[in-house]
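Student: Would you be able to build a 3D model of this:
(one chain, ligands or ions: 2)
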Amino acid sequence: MIRIECQPILTAAEMRAAENAVIATGVSVETLMDRAGTAIAEAVRRLAGTNEVLILCGPGNNGGDGYVAARVLAEMGVPVRVAALSEPKTDAAKSARAGWLGPIETLAEAKHAPILVDALFGSGLTRPLDAITTPTPNRSPADAGAQDRPLGERLEFSWAPASARERSVVECLHSLGNAALLSIAVDLPSGLATDSGQALSTPPVFDLTLALGAVKPAHLLQPAARYCGQIRLLDIGVPTVSQAEVLKTPSLPTPGPDSHKYTRGMVAIIAGTMSGAADLAALAAMRAGAGYVTLLGDSQGPPHALVRTPFSDQALANDRIGALVIGPGLGRDDTARARLEAALNAGHPLIIDGDALRLLDPDHIKALKVPVILTPHAGEFDALFGKSDTDKITRARDAATRANAVVVFKGADTVIAAPDGRVRIAQGASDWLSTAGTGDVLSGAIGAMLAAKLDPLDSACAGVWLHGDAARRLGPAFIADDLAEALRSARASL
Ligand SMILES: NC(=O)C1=CN([C@@H]2O[C@H](COP(=O)(O)OP(=O)(O)OC[C@H]3O[C@@H](n4cnc5c(N)ncnc54)[C@H](O)[C@@H]3O)[C@@H](O)[C@H]2O)[C@H](O)CC1
Ligand SMILES: [K+]
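Tutor: Residues are numbered from 1 along each chain as shown. Ligands and ions are numbered 1, 2, ... in the order given. Got it, this is the predicted structure:
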């Protein structure tokens, strides 16, 4: 089981292409399925202890992985039962099922077990689970239960419409999941759309998802990610590369004996109508490690290390400024527009956030001759680039190309895209980040990274990582001021 940090992220089609490239070298689908099922069994055995395992198998290759895992677990001496949704449809799944010599229960009638393994649907799911009617086996009510049937006996499934008595697949999954001590999804919780991260149906929240061969967008994008629990990658011997990767822990420069405040990086923050927002960005830039932070505006107060200067073109012309943050609390009045215009013409690398994003259009940003990082939340993104139903990765990537800027598309599933197509996606964001001012803190943290001369994508990634780590350290009910302070602990952990 591999942690997913830094791992490539593949769409369903990219994963299929990677598998096909291996198959083209003479490795069969059955071999890949055998590797997948064996890796699942090994992971499950470590977690299950002596508890009974129930594996739910679907009609496709995800189900095939489940049959292999069941066989291997049984060979290992782990108590295991299998419940199927229907007959396997693919050749590989049929052959995997043939290798399982135990009984097969129907999903609708499956009794719960302490360990639930969901191998109903993986990357091939294309429509909601609710549309499936659960099959009933062709047998009389007087028949014995599945456990009493001799090894190897098969139930014949009939595809008559579900009677009122039968439950939907989603209901079965929820009730078995609720009753389990530990629930594990194979590749993806059944019901999720691999590429968009949409929930075609609502699965239960799993404790663990075992991603096969590669991380998929649904492991990270909302709403899908919330159903995955912990995510671990299982290696099935399929080489993968992608321009999209899971955000990694940054490697940041630390001061040396020759360092001084300017070599550490100077960040200027432009204040506006709500000076608290710019204060938060400034505090964040300092706590993220900038050597010198100046606030261009009229605010007053601590911290004393923050150099407050009235806004002027002269203050903006300081060629030591390594990153200029504009947008937090800027407002949208004439003063805001004038300050934005001056900022865009100052020639410094830019972080554009909040209100400033509402005063610009992509063509205007594209025409800038300096490195630019945009940090929109969903509303700001829609206003700047237009609404769309496309997945968040594609939207962020297209926006980055269109504006020729690094785009940090914020949210519980922050996607960072560069104009060259590279994408990084953050994992495990604290839900407690949903509080006022946390976006201002992020822009300041990114400013510190850009002023320290990291390239724009690395700056954005490092800022997002520090921000996320600081939030995790704080636990519940923190405020943005706490978050800015906690950036110091996040940096200290590196
Ligand atoms: N391809 C490989 O070499 C390997 C794949 N692995 C595993 O396979 C799945 C993906 O398998 P696939 O058969 O493409 O898809 P699913 O198992 O997810 O099932 C899709 C199956 O079901 C039909 N279908 C789709 N949506 C529905 C629906 N709502 N109701 C009913 N039926 C539906 C669809 O037509 C297909 O027949 C991947 O996740 C891995 O788990 C192996 O790991 C290794 C090799
Ligand atoms: K699954």
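Student: Sketch out the low-pLDDT regions of this structure for me.
Tutor: Applying pLDDT under 70 to the chain picks out residues 130-167.
Student: So which bits of this structure are right by ligand 2?
Tutor: 118, 122, 185-186, 190 (C-beta under 5 Å from the ion). Backbone N, C-alpha and C define where each C-beta goes, glycine included.
Student: Tell me how many other residues surround residue 6.
Tutor: As a burial measure, residue 6 scores 12 neighbours (other C-beta atoms under 10 Å).
Student: Over to residue 490?
Tutor: Using other C-beta under 10 Å, residue 490 has 23 other residues around it.
Student: Inside helices: which ones of the residues of the chain next to ligand 2?
Tutor: Assigned to helices by DSSP state H, none of the residues of the chain next to ligand 2 qualify.
Student: Would you write a ChimeraX line that selects the buried entries of the residues you listed?
Tutor: This is how ChimeraX selects the buried members of the residues of the chain next to ligand 2, with burial counted by 16 or more other C-beta atoms under 10 Å:
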select :118,122,185,186,190
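Student: ok, and which of the residues of the chain next to ligand 2 reach ligand 1?
Tutor: Residues of these in contact with ligand 1 (C-beta under 6 Å from any ligand atom): 122, 186.
Student: where exactly do the helices run in the stretch 201-350 of the chain?
Tutor: Using DSSP state H, counting those that start in this stretch, the helices found in the stretch 201-350 of the chain span residues 261-264, 275-287, 313-316, 334-345.
Student: Pick the most deeply packed of the ones you listed.
Tutor: Mean neighbour count (mean count of other C-beta atoms under 10 Å) peaks for helix 275-287 among these, with a mean of 28.
Student: which residues sit against that helix?
Tutor: Outside helix 275-287, the residues that touch it by C-beta atoms under 8 Å, 6 or more residues apart in numbering are 267, 269-272, 293-295, 297-299, 301, 303, 305-306, 325, 328-330, 353-354, 437, 440-445, 447-448, 451, 480-481, 483-488, 491.
Student: likewise stretch 107-116?
Tutor: The contact list for stretch 107-116, computed with C-beta under 8 Å, 6+ apart, reads 44, 47-48, 51-54, 56, 81, 83-85, 105, 120, 134-136, 146, 166-167, 169, 172, 175-177, 179-184.
Student: try it again with 7 Å
Tutor: Contact with stretch 107-116 is made by 44, 48, 51-54, 56, 81, 83-85, 134, 166-167, 169, 172, 176-177, 179-184, as judged by C-beta atoms under 7 Å, 6 or more residues apart in numbering.
Student: repeat for stretch 58-76
Tutor: Residues external to stretch 58-76 that are found in contact with it (C-beta under 7 Å, 6+ apart): 33-34, 36-38, 40-41, 44-45, 53, 55-57, 80, 82, 85-90, 92-93, 96-97, 99-100, 102, 117, 119-122, 124, 186-187, 190, 212.
Student: on that earlier part again, and the residues of the chain next to ligand 2, which is closest to ligand 1?
Tutor: Closest approach to ligand 1 among these (C-beta to the nearest ligand atom): residue 122, at 2.0 Å.
Student: Quick check, the closest one in contact with residue 186.
Tutor: Yes. Using C-beta atoms under 7 Å, residue 122 is in contact with residue 186, at 6.5 Å.
Student: what about the residue of the stretch 251-400 of the chain found nearest ligand 1, distance to residue 231?
Tutor: Proximity of the stretch 251-400 of the chain to ligand 1 (C-beta to the nearest ligand atom) peaks at residue 391, 17.8 Å away. From residue 391 across to residue 231, the span is 18 Å (C-beta to C-beta, to the nearest Å).
Student: More neighbours: these two, which one.
Tutor: The neighbour comparison of residue 391 against residue 231 (other C-beta under 10 Å) goes to residue 231, with 25 against 19.
Student: now the strand or helix carrying residue 355: how far from the chain's centre is it?
Tutor: According to DSSP states H and E, residue 355 maps onto helix 354-358. Distance of helix 354-358 from the chain centroid (C-alpha atoms, centre = their mean, to the nearest Å) equals 25 Å.
Student: Which residues outside it are in contact with it?
Tutor: 272, 277, 326-332, 336, 340, 374, 376, 380, 383-384, 439.
Student: Now that helix: buried residues?
Tutor: 354-357.
Student: Show the residue spans covered by the strands in the stretch 251-400 of the chain.
Tutor: For the stretch 251-400 of the chain, the strands defined by DSSP state E, counting those that start in this stretch occupy 266-270, 292-296, 307-309, 321-326, 350-352, 372-374.
Student: Now residue 121. Nearest residue, chain neighbours left out?
Tutor: Distance criterion C-beta to C-beta, 6 or more residues apart in numbering; nearest residue to residue 121, sequence neighbours excluded, is residue 190 at 4.2 Å.
Student: and if you look at residue 86?
Tutor: Distances taken as C-beta to C-beta, 6+ apart place residue 59 nearest to residue 86, at 4.9 Å, with adjacent residues excluded.
Student: what's the spacing between that neighbour and ligand 1?
Tutor: Between residue 59 and ligand 1 the distance is 5 Å, computed by C-beta to the nearest ligand atom, to the nearest Å.
Student: how about that residue, secondary structure?
Tutor: coil (DSSP: H, G, I helix; E, B strand; the rest coil).
Student: Could you do residue 446 as well?
Tutor: Quick answer, by three-state DSSP: residue 446 is helix.
Student: Touching, it and residue 463? I think so.
Tutor: Yes. Between residue 446 and residue 463 there is a contact at 3.3 Å, judged by C-beta under 7 Å.
Student: Give me the more crowded residue out of those two.
Tutor: residue 446 (34 against 31).
Student: mind listing what the more buried one touches?
Tutor: Residue 446 neighbours (C-beta under 7 Å, 6+ apart): 351, 373, 375, 459-460, 463.
Student: Kindly recompute the last result at 6 Å.
Tutor: 351, 373, 459-460, 463 (C-beta atoms under 6 Å, 6 or more residues apart in numbering).
Student: How about residue 291?
Tutor: Contacts for residue 291 were tallied using C-beta under 6 Å, 6+ apart; they are 261, 264-265.
Student: Distance to residue 19 added to those, as JSON lines?
Tutor: Shown next, in JSON lines, are the contacts of residue 291 (distance: C-beta to C-beta, whole Å):
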{"residue": "261", "distance to residue 19": "53"}
{"residue": "264", "distance to residue 19": "47"}
{"residue": "265", "distance to residue 19": "45"}
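Student: could you dump these to a markdown table with distance to ligand 1?
Tutor: Output for the contacts of residue 291, formatted as a markdown table (distance: C-beta to the nearest ligand atom, whole Å):
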| residue | distance to ligand 1 |
| --- | --- |
| 261 | 52 |
| 264 | 47 |
| 265 | 45 |
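Student: Chain neighbours aside, what residue packs nearest to residue 34?
Tutor: residue 68 (5.7 Å).
Student: I'd like the next helix or strand past the helix or strand that neighbour falls within.
Tutor: Using DSSP H and E, residue 68 sits in helix 61-75. Counting by DSSP H and E, the next helix or strand C-terminal to helix 61-75 is strand 80-84.
Student: Which strands or helices does that following strand pack on?
Tutor: Contacts defined by 3 or more C-beta pairs under 6 Å, 6 or more residues apart in numbering; DSSP states H and E place strand 80-84 against strand 53-57, helix 61-75, strand 104-106.
Student: Which of these sits closest to residue 199?
Tutor: helix 61-75 (16.6 Å; C-beta to C-beta).
Student: Are the closest one and ligand 1 in contact anywhere?
Tutor: Yes. Counting by C-beta under 6 Å from any ligand atom, contacts between helix 61-75 and ligand 1 involve 61-63, 65.
Student: which of those lies closest to residue 409?
Tutor: Closest to residue 409, out of all of the residues of helix 61-75 next to ligand 1 and judged by C-beta to C-beta, is residue 62, at 29.7 Å.
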